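Enquirer: mind looking at a prediction? Sequence and model below.
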Amino acid sequence: MACVLTSAGGIISLLDEKEPELQIYALERLNDDSLIRQFWAEIADSLEPIEILYEDESFAARKLAALVASKVYFNLGSYSDSLNFALAADEMFDVTERSEYVQVIISSAIETYKEQRKNGEIPEKRLESMVNRMFTKCLDSKTLRQVIGIAIECRRFDVVETAIAQSPNTNDTLAYCMHIAKNLVTSRELRKEILRLLVAQYTKLATPDYIAICQCLVFLDDPSMVSDTLRSLLAKDALMAYQIGFELYQNAPQGFLNKVAEFLRGVAPAAAPADASEEAAEGEAAAAPASAEKSSSDKLVEILKGDKTTQLNLQFLIRNNKSDLLILKHCKDSCRNTICHTATVIANSFMHSGTTTDKFLRDNLEWLGRATNWAKFTATSSLGVIHKGHEQGALDRMATYLPKESNSSPYQDGGGLYALGLIHANHGSEEMIKYLVDQLKNARDNTVRHGACLGLGLAAMGTENREVYELLNSQLTQDDAVVGEAAGIAMGLVMMGTNHQEAINEMCQYAADTQHEKIIRGLAVGVAMIVFNRLEEADSLIENLMADKDAAIRRCGIYCIAMAYAGSGLNEALRKLLHVAVSDVSDDVRRAAVESIGFVMFRNQDQVPSIVSLLSESYNPSVRYGSAMALGIACAGTGNKDALALLEPLTDDSVAFVRQGAFVAESMILIQQTEVMQPKVSTFREKLRKTIEDKHEDAITKFGAIIGTGIIDAGGRNTVIGLSTRSGHVHAPSVVGMLVFLQFWFWYPLTHFLSLAFRPSSIICLNKNLDMPKIDIRSDAKPATFAYPDPLEEKKSKEKEKVETAVLSTTAKQLARQKNRKIKREASEMEVDASDATPKNSATSIASTASSTAVKIKEEPMDVDEEKEAKKNAKFEILQNPCRALNQQLKVLSLPADQTRYSPLKPLTSGGIILLRDANPEDPEDLLEAVTAGGPKPEVEEPEPEPPAPFEYIE
């Protein structure tokens, strides 16, 4: 019969024996997991002799004593002591054991090691030995991703290199490391270390991934190495160099790209002005010959400067414009005040962003002329959104609205300069920047200077141009509220993402000195843009701003968190925002804090609804408004069901501006969502229509509904709001544009900045000459799944039914007698006529009567319904290059199987601009002809008529 152990006292007593063999035997028995789990409390009373044995250097099993002590302390909940004794146990501590004790101690060891490495301390040798054994165990078991993750946190890049070297699929492992660096690492310095390692590893590959290398170098801010990589690629594979150029333009700031172009040319980057770019982009000349004449280096510089991307996006938006003017007509007919008038103009600009279609404005010139003062400024500047990217001849096209001696409206002049900036946003040529600088210097009216500052900031975005910055600073120091606000925003745009300490100090100091709240608001946004994507480098500035007594300055600190940690999802940043959202005394600061949650979390949009769910039910309407906008920012274009469920009750909120924010946010979430993907789209569109047409609805709410109407159909129903690029990088112009757009709470003209966040949902395939070949793209989904919404139909006016007149009974009898007499008289007359009629005439009469009463059957072509039914039941769809491709649609796109000539340089599932490798380069290609852009054409003077021929005058 087996003996059941009821106490460990006998074993513990052996520890007091003098013979080492008995003490070792006792420790071996106590080290048994089943025994120590059952009797750890009893053993804990005798910890002292166990520790004495460990401290006795002459004792042969002192490491075993340390291990037993570690396990006892673990059961006591003293993990730090347990870790210390586990370290003393050295190799006796088995890192391969799968027990709770070992897992907890290893986790504690890694955390301690990580903190010491992070703080620059030298870890204890015993601790490093344990961590190394854990790394070795994971490498032997081929759990490489766990090794890489822990090694990165511990800053052990030698282990990361070993894991990459042992990986059976090096490319996948490197892609995983890239994902960690871009999306998970929240320390800027650590991210740089990882990216440097990745550049070295990518370079070692048999076929280096140049796209990934250049993406790493963008963040490392190394334009020289990027230019060297591209230069070597041009000689080996020009097509790949072009593809990398397009990727760089999407991911890198304007100033970085200018430096790359400078290194490629070997001279200063005196780029050809965008206004003088190839006419082929606009359809006024053939595209192929123009491209063929350029060298590969010139083509690459054109790509890096953004000229080619801008032209291609413009062509795509013009070709595929599906905007519905009837929606705008309904908005216009419902306008009864200047707020709704302005909202309709803005909605029109969003709806036609980048399409160059200004038909609605031209058809309603008299209605548009009602705009006065700042409404006129906003209406004029809306042309910049419509013609965004239409840079060729922009000065001539906008000449009517630009400052001239004969112009009498400063609002029109200022709006025109602002429009030029929107056209050239993040892509301003040196000539355009110089023109705006001259206009700002020569302007005398504050309204014109306001528009010039905004336009100049947009055109010089991210260039770090000191001359432009100093000019804007001089405008700021004149202490005019209207000009100062625009100057503060523009200064931030120019220095975007640079963390320029001198500029930050100057702007913060002026914000503390000025008495104008408008100037402080502008500077608050500007300072936040300077620390864009700087992560922990902005922490000291944030702490100083958050401690200020002025609510406007504290709001600047909130925006700095939003910009510095945009897309990071960092818990510490989120904690600060949530604390301010529920504790600050200023409604503006609380609203900004909740809005900023959307910026920090837009890469983790599924978590945002749960974060703001309680805030959306707050008693404070500003917090409810902020929660709506946070959902819109983070979940834009996703159709997130949880976000929509939170927003639906807010559209019926008791406070007008909360309803406004809910409509704007919901339209941002439902942009590029079809009824098949998100059935609530049609319901929401109908709610927008009813709100706009409701005569009793508040004007502020109508403003949000009308703006929402423009957003949901933005860019001719071909653009989506994207705060990150397709490759996963945070897109600076989009994030900054969204931040300034939120300031429409204070200033409606800033609403136009949302156009910076519009990204075409396109696939554009190019050949080696950067022309668009005619090529089919197969979509393996039902056509209705990703189809455009059906256009509205004009309602036919109902005919009014005539009400029968009441007739008295006596009158009715009299009318009946008269009718009978008339019938008898006509019958007698017909008998007389019939006797004189011939049979021929009778037959003719019968025939004519028969023909007149015959039923005419309208023949409908039967193939129309059959075609619709066939399209409805189709399992796939063939699209033409360039085509609209929604984010959800990308995964079902491919080239047809019978198409063997072209092969894409990167998968179609990545979307955007894709270069095609031609298997038959000698064969002629069928190319697409460029389409002509809309908008006003520059006036051309007609030649003088010829003089008449000589003649003699005779009286």
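Expert: Nice, thanks for sending it over.
Enquirer: identify the residues contacting residue 441.
Expert: Residues near residue 441 by C-beta atoms under 8 Å, 6 or more residues apart in numbering: residue 471. The way it works is simple: take the backbone N, C-alpha and C, and place the C-beta from them, glycine included.
Enquirer: and it, that's in a helix?
Expert: Yes. Residue 441 sits within a helix when classified using DSSP: H, G, I helix; E, B strand; the rest coil.
Enquirer: check the gap between it and residue 11 for me.
Expert: Separation of residue 441 from residue 11 (C-beta to C-beta, to the nearest Å) stands at 92 Å.
Enquirer: what's the answer for residue 540, then?
Expert: Taking C-beta to C-beta, one finds residue 540 at 58 Å from residue 11.
Enquirer: neighbour count: these two, which is higher?
Expert: When residue 540 is set against residue 11 and neighbours are counted by other C-beta atoms under 10 Å, the residue ahead is residue 11, at 21 against 9.
Enquirer: what are the neighbouring residues in contact with the more buried one?
Expert: With C-beta under 8 Å, 6+ apart, residue 11 has these contacts: 26, 29-30, 35.
Enquirer: what helix or strand is it on?
Expert: Element membership for residue 11, per DSSP states H and E: helix 9-13.
Enquirer: quick one: buried residues of that helix?
Expert: 11-12 (16 or more other C-beta atoms under 10 Å).
Enquirer: do stretch 22-29 as well
Expert: For stretch 22-29, by 16+ other C-beta under 10 Å, it's 23-27, 29.
Enquirer: got those residues as CSV, with pLDDT, distance to residue 777 and secondary structure columns?
Expert: Output for the buried residues of stretch 22-29, formatted as CSV (pLDDT from 0 to 100; distance: C-beta to C-beta, whole Å; DSSP: H, G, I helix; E, B strand; the rest coil):
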residue, pLDDT, distance to residue 777, secondary structure
23, 78, 78, helix
24, 80, 75, helix
25, 81, 77, helix
26, 78, 76, helix
27, 80, 72, helix
29, 77, 73, helix
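Enquirer: where in this structure is pLDDT low?
Expert: Across the chain, the ranges flagged by pLDDT under 70 are 1-6, 266-294, 406-408, 794-813, 824-873, 934-943, 953, 955.
Enquirer: now the strands for it?
Expert: Assigned by DSSP state E, the strands in the chain fall at 719-721, 758-760, 762-766, 776-779, 877-880, 883-884, 893-894, 902-904, 912-918.
Enquirer: tell me which of those strands lies nearest to residue 90.
Expert: strand 912-918 (54.8 Å; C-beta to C-beta).
Enquirer: chain center to the closest one, what's the gap?
Expert: Offset of strand 912-918 from its chain centre (C-alpha atoms, centre = their mean, to the nearest Å): 23 Å.
Enquirer: how about stretch 559-576?
Expert: 17 Å.
Enquirer: follow-up on the earlier one: wait, which of the strands of the chain is closest to residue 461?
Expert: strand 758-760 (15.5 Å).
Enquirer: just checking: what are the partner strands of that closest one?
Expert: Sheet pairing for strand 758-760, assigned by DSSP bridges, gives strand 719-721 (antiparallel).
Enquirer: residues contacting the partner strand, please?
Expert: In contact with strand 719-721 (C-beta under 8 Å, 6+ apart) are residues 317, 353-354, 636-637, 668, 671-672, 711, 714, 734, 738, 754, 757-761, 886-887.
Enquirer: quick one, helices of the stretch 801-950 of the chain?
Expert: 809-836, 839-853, 863-873 (DSSP state H, counting those that start in this stretch).
Enquirer: who's in contact with the residue nearest to residue 734 when sequence neighbours are not counted?
Expert: Once flanking residues are discounted, residue 734 sits nearest to residue 757: 4.1 Å by C-beta to C-beta, 6 or more residues apart in numbering. With contacts defined as C-beta under 8 Å, 6+ apart, residue 757 is in contact with 636, 721-723, 733-735, 737-738, 741.
Enquirer: gap between residue 757 and residue 377?
Expert: 22 Å.
Enquirer: cool, residue 952 as well?
Expert: Separation of residue 952 from residue 377 (C-beta to C-beta) stands at 62 Å.
Enquirer: for residue 388, same thing?
Expert: Residue 388 is 18 Å from residue 377, by C-beta to C-beta.
Enquirer: same question, residue 338
Expert: 12 Å.
Enquirer: give me the more crowded residue out of the two.
Expert: residue 377 (28 against 15).
Enquirer: neighbours of the closest residue to residue 717 other than its chain neighbours, how many?
Expert: Spatial nearest neighbour of residue 717, excluding adjacent residues (C-beta to C-beta, 6+ apart): residue 322 at 4.6 Å. By the criterion of other C-beta under 10 Å, residue 322 has 14 neighbours.
Enquirer: contact partners for residue 322?
Expert: 716-718, 788, 791.
Enquirer: now stretch 29-38: buried residues?
Expert: The neighbour-count check on stretch 29-38 (16+ other C-beta under 10 Å) flags 29-31, 36 as buried.
Enquirer: equivalent analysis for stretch 57-65, please.
Expert: In stretch 57-65, counting by 16+ other C-beta under 10 Å, buried: 59, 61-65.
Enquirer: helices of the stretch 451-600 of the chain, start to end?
Expert: Under DSSP H, counting those that start in this stretch, the stretch 451-600 of the chain gives helices at 466-476, 481-494, 501-513, 517-530, 539-546, 551-564, 571-583, 587-600.
Enquirer: quick one, the third one and helix 551-564 angle?
Expert: Spelled out, that is helix 501-513. Per axes from the mean of the first three to the mean of the last three C-alpha atoms, to 10 degrees, the angle that helix 501-513 makes with helix 551-564 is 150 degrees.
Enquirer: likewise for the second one?
Expert: Relative orientation of helix 481-494 and helix 551-564, computed by the same axes, to 10 degrees: 20 degrees.
Enquirer: end to end, how far does stretch 931-947 reach?
Expert: 38 Å (C-alpha to C-alpha, to the nearest Å).
Enquirer: between the buried residues of stretch 22-29, which is closest to residue 106?
Expert: Taking these together and measuring to residue 106 by C-beta to C-beta, the closest member is residue 27, at 22.4 Å.
Enquirer: how about that closest one: what's its closest non-neighbour residue?
Expert: That would be residue 64: by C-beta to C-beta, 6+ apart, it lies 4.8 Å from residue 27.
Enquirer: touching, that neighbour and residue 91? I think so.
Expert: No. Between residue 64 and residue 91 there is no contact under C-beta atoms under 8 Å: 11.1 Å.
Enquirer: ok, the closest residue to residue 167 other than its chain neighbours - contacts?
Expert: Once flanking residues are discounted, residue 167 sits nearest to residue 173: 4.0 Å by C-beta to C-beta, 6+ apart. Neighbour list for residue 173: 144-145, 148, 163-164, 167 [criterion: C-beta under 8 Å, 6+ apart].
Enquirer: and the residues you listed, which two are the farthest apart?
Expert: Across those (C-beta to C-beta), the longest gap, 11.2 Å, separates 145 and 164.
Enquirer: more crowded one of the two?
Expert: Neighbours were counted for residue 145 and for residue 164 using other C-beta under 10 Å; residue 164 has more, 20 against 16.
Enquirer: give me every residue that touches the more buried one.
Expert: Applying C-beta under 8 Å, 6+ apart, the residues near residue 164 are 148, 170, 173-174, 177, 201.
Enquirer: 7 Å - rerun?
Expert: Counting by C-beta atoms under 7 Å, 6 or more residues apart in numbering, residue 164 touches 170, 173-174, 201.
Enquirer: which of those has the largest number of neighbours?
Expert: Busiest of the contacts of residue 164 [other C-beta under 10 Å] is residue 201, holding 22 neighbours.
Enquirer: hang on, that one packs against residue 174?
Expert: Yes. Using C-beta atoms under 7 Å, residue 201 is in contact with residue 174, at 5.9 Å.
Enquirer: the residue nearest to residue 60 when sequence neighbours are not counted: neighbour count?
Expert: Using C-beta to C-beta, 6+ apart and skipping the chain neighbours, the partner closest in space to residue 60 is residue 20 (6.3 Å). Residues lying near residue 20 (other C-beta under 10 Å) number 14.
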